[in-house]
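Trainee: coords below, sequence missing:
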């Protein structure tokens, strides 16, 4: 018996998720500036989103108070952005379902189809293997500010020199 692949969130679905979100919980965020979670957190704390750090190993990251679990947050986050090892993802999904978060977002390089199917069955939106920072910057037209060379200088056609 083959198990059906988990459908990928389309660009329109990712845009809808980001436009409707007001709060984001960064699960597994690190205070180490060399970690991708810290890079993403640095970007997100400068956006209108209410950003919550979730990591029991820290008291705060980038001036944002850290909480040990999703259940300890002062509100239910609109997006649970996951920076944990693949084997920890099912537990994070269980927590997200338990607190009533509408979306679980697995960062670049992270996939867990079984956990994704469980989240979808519970009514959650799921995004896998996508960077929330990159997607936000892309949709807001600020991808170049995120350190990405888009190669686009103008929308006009180049004239021959």
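Mentor: The structure has been received and is ready for your questions. Since this is a predicted model, take the numbers as computed values, not measurements.
Trainee: all contacts plus neighbour counts: C-alpha atoms, from now on.
Mentor: Fine.
Trainee: enumerate every residue touching the residue nearest the centre of the chain.
Mentor: Among the residues of the chain, the one closest to the centroid is residue 81, at 3.5 Å (CA atoms, centre = their mean). Shown in contact with residue 81 (CA atoms under 8 Å, 6 or more residues apart in numbering): 24, 25, 26, 27, 104, 105, 106, 107, 132.
Trainee: quick one: contacts for the fourth one?
Mentor: Residues in contact with residue 27, defined by CA under 8 Å, 6+ apart, are 53, 54, 55, 80, 81, 82, 83, 84.
Trainee: phi, psi of the fourth one?
Mentor: This means residue 80. phi -100, psi 110 (degrees, to the nearest 10).
Trainee: residue 141 versus that one, what's the distance?
Mentor: In this view, residue 80 and residue 141 are 23 Å apart by CA to CA, to the nearest Å.
Trainee: kindly report the same for residue 5.
Mentor: Taking CA to CA, one finds residue 5 at 31 Å from residue 141.
Trainee: for residue 24, same thing?
Mentor: Residue 24 sits 20 Å away from residue 141, going by CA to CA.
Trainee: more neighbours, these two?
Mentor: residue 24 (26 against 10; other CA atoms under 10 Å).
Trainee: before we move on, back to that, and the contacts of residue 81, which of them are in helices?
Mentor: Among the contacts of residue 81, the members falling in helices (DSSP state H) are residue 132.
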